[in-house]
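1. I need the structure of the sequence given here:
(one chain, ligands or ions: 1)
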Amino acid sequence: MTKHDPVADLALSSETLEAEILRHLKFTLGKDPSHAALYDWRMAVSYTLRDRVVAPWFAATRRTWAEDRKRVYYLSMEFLIGRILQDAAVNLGLNDLIDDVLGRLGVSFSELVEDEPDAALGNGGLGRLAACYMESMATVGCPGYGYGIRYEHGLFRQRFEGGRQVEAPEDWLNTRNPWEFDRPEVAYEIGFKGHVEDREGRVRWIPGETVVATAHDTPVIGWRGRWANTLRLWGAKPTTLFDLGRFNRGDYAAAAEPEALARTLSRVLYPDDTTYQGKELRLKQEFFLTSAALQDIIRRFLDTHKDLTKLADLVAVQMNDTHPAIAGPELIRLLCDEHAMDFDTALSITQRVLAYTNHTLMPEALERWATYLMGSVLPRHMQIIEHIDSWHRRTFPNRPHWVGIVKHHEVRMGDLAFVTSHKVNGVSALHTDLVKETLFPELNALHPGRIINQTNGVTPRRWLRMANPALSSLITETIGEGWEDDADRLTELEAHVADAGFLDAFGAAKRANKERLVAWLKDETGVSADPAAMFDVQVKRIHEYKRQLMNLLQTVADWHVMREAPNGNYVPRVKIFGGKAAPGYYAAKQIIRLINDVARVVNEDPVTRDWLKIAYPPNYNVSKAEKLIPAADLSEQISTAGKEASGTGNMKFALNGALTIGTLDGANVEIRERVGAENFFLFGLTAEEAARRREFQDHARSAILASQPLQDVLQMIAEGRFSPEEPNRYHDLVHNIWNSDYFLVASDFDAYSAAQREVDALYARPADWARRAALNTARMGFFSSDRAIRGYMKDIWSVKPALDPEA
Ligand code: 26Q
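-> Numbering: from 1, shown residues only. As a prediction, the model looks like this:
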């Protein structure tokens, strides 16, 4: 194998770069530099960078073909990518050069970066994980494709009116998307409904409706441009454009029907991330993605191979949760009905190809489809699902009677995904144990070894190098280059944590990030924050199990103490919240409103103004995370133990030198093991204790009665202290804590408060704080998504990296 240095290929003089940008401005945008708007410059720079991605992209694809390599297909209903421009610049090593060149042209690169809309094609953790994994596959040289839906509208935009969440449609495709290549020639028909014909054993599905899936490709470039993969997003188009006959007869609505069905399919991302609802359109979206992807995969395989029984030698398909779990039945259908294979062979190939990642234990989030709906939308698949289930029952006669893919007139997608896969993985050590013990105990006993763990990871390129240039420069000055794609090297920082000069520089980087955030917070929320105060941050989707409410109640308790004893000595804090609630999730929306109501009262209080501020910038998304996380001192990871599968925000914060206050939940357990118990503020019930605590009838009431501070806080809220215009506003919320409190806010409240006092005590010793923060950064390398992807490649996909780590 010839060794060449693609990094050298990327080397670019500033003159060439400038000429390329100006050429795009002129010929792609049709603009004279003197008349170019911010938008024109952004497009010109984006196209210039995209041009640089093409060579490594072609090279990677050619090598995969030439070496007949096995490839990975990551099927996900969500890819929460965020902005691409600066990520591409950083990975190509061109960030500083572009900054210079644009500066000379009188254009601000950071303004261009801020002008790009976020690609918010995901809800939260699961979608962002898919984006980190795409970037890591490109960095380690794992031949792979992401398959998703090109939603016209991503996750809704959030604003607050009178403290309440108001949703508006997101519109990322409003301006041209310079990163994608349309592939109108790559198109597949996707069917729905209709009936099944059986002619002497030759079964065929005759759909009643069809749409066409067309491909839109975005190249995903890895670190230093050594490899690139493709994110292929499917858009829906009508099969028949228009029924002219109907139109001429005056039936305008009916004439546009096929068009309407198609457009709704890829119109909008479902904004629920926890409660599952059996909506027909969602099932159609899931099948749309899955069928298009599998048809594309088989077509590509057959381009170079004949024998589909060898499919698993060249193809690994990863299902990101059960959302694409119709892949099992669909692959069997394609193999049997379209390629004349027998059922047993097709099932066995399917199992060797597919694998399934589980991201949740919460029963209300598990996908189950009513058999009548599945039978009506996908009649052939319903038959195949019944076949798979009876095959499994026959093959495992000792399968308990309550186990099955189809039960109580529902298709259980988790069981379907399990049975049609060769590996099932959880996303943290604790979560994987719970998947075995609580979610699939019977299937785990029948298929020992099928369930494995792959602890989540995040990409250090975006989440450290790009988002935190101040800390990144310090790291490079201290341990040299190359930690970005070899994050274990961050441990070399440990040798410097006794060095006062290094700790000062570490503190100064954090301080610089906080100063930037202060200006931004003022702009976004009107709240003035002191950069010397502790920045205490909880940003994530709003959900009861994540316990933003416990954080807020504790904040109110602190505020109360300060007001009662205004001559006391308090460690100043800025409490920062961020996150969206699913539009139909009433309890989560009440929590949002309460945070905003409390913030309004607290921020105006002259007594506490030097000690406590609350900021809730609206519309939390990837690009806001990139501003908030590097500026955080304290990371709130306080979910009820046993409920957060992993968390990935927890990793981003610790990597950026925030200390964590958290429960023994999800990946917190492993983060604490790695960074050291003395560098992590642990509190609260364990998963086991939480489950037992819940069985005790009066758990909430007894905890509240035992805690005067909690009683006082609940009383203030119940009396309308924060909602004087409507004193009853939080009656339900407070009533729920007293009488049900499934997520154990009351039971963990005192332990949480005590842990917060430890946090205060340490923050009052800046050198000790800085040392522990630096140790967090130094010991977080394990949580790089490169490590996670290598784990998937070895344990699930059996794919060897095309780039050896030394290259
Ligand atoms: C399902 C059916 C219909 C409509 C929507 C959905 C749906 C959509 C998104 C269900 C769940 C999700 C997202 C789940 C998610 O983000 N889970 C998180 O995954 C992260 C990555 O593994 C973990 O770190 C988090 O702990 C987990 O909550």
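
2. Count the neighbours of the residue in the chain that the ligand sits nearest to for me.
-> Nearest to the ligand, among the residues of the chain, is residue 125, at 2.9 Å (CB to the nearest ligand atom). For the C-beta atoms, the positions are set from N, CA and C on the backbone; glycine is no exception. As a burial measure, residue 125 scores 24 neighbours (other CB atoms under 10 Å).

3. where does the residue nearest to it when sequence neighbours are not counted fall, phi/psi-wise?
-> Of all residues not flanking residue 125 in the chain, residue 648 sits nearest, at 5.4 Å (CB to CB, 6 or more residues apart in numbering). Dihedral angles of residue 648 (phi, psi; degrees, to the nearest 10) stand at phi -130, psi -20.

4. For residue 648, list the residues it contacts.
-> Going by CB atoms under 8 Å, 6 or more residues apart in numbering, residue 648 touches 125, 128, 129, 132, 456, 457, 458, 667.

5. try residue 112
-> 38, 41, 42, 45, 85, 102.

6. cool, residue 705 as well?
-> For residue 705, the contact set (CB under 8 Å, 6+ apart) comprises residue 711.

7. What's the separation between it and residue 755?
-> Here residue 705 is placed at a distance of 21 Å from residue 755 (CB to CB, to the nearest Å).

8. Report the buried members of the contacts of residue 648.
-> Using 16 or more other CB atoms under 10 Å as the burial test, these include 125, 128, 129, 132, 456, 457, 458, 667 as buried.

9. What is the nearest of those to residue 542?
-> Proximity of the buried ones among the contacts of residue 648 to residue 542, judged by CB to CB, is greatest for residue 125, which lies at 13.3 Å.

10. Regarding the closest one, what are the backbone dihedral angles?
-> phi -50, psi -50.

11. Over to residue 185?
-> Residue 185 adopts backbone torsions of phi -80, psi -20, taken as degrees, to the nearest 10.

12. Could I get the pLDDT score of it?
-> On the pLDDT scale, residue 185 is placed at 96.

13. Which residues are in contact with it?
-> Per CB under 8 Å, 6+ apart, neighbours of residue 185: none.

14. need the residues of the stretch 1-150 of the chain near the ligand, please.
-> 123, 124, 125, 126, 129 (CB under 6 Å from any ligand atom).

15. meant to ask about the chain
-> Counting by CB under 6 Å from any ligand atom, the residues of the chain near the ligand are 123-126, 129, 270, 272-273, 276, 282, 359-360, 365, 367, 427, 456, 644-648, 666.

16. re earlier: mind listing which of the contacts of residue 648 are in helices?
-> Using DSSP state H, the members of the contacts of residue 648 that fall in helices are 125, 128, 129, 132.

17. coming back round to it: now, which of the contacts of residue 112 sits nearest residue 401?
-> Ranked by distance to residue 401 (CB to CB), the contacts of residue 112 are led by residue 85 at 56.4 Å.

18. Next, find the distance separating the closest residue to that closest one other than its chain neighbours from residue 38.
-> Of all residues not flanking residue 85 in the chain, residue 116 sits nearest, at 5.2 Å (CB to CB, 6+ apart). When distance is defined by CB to CB, residue 116 is 10 Å away from residue 38.
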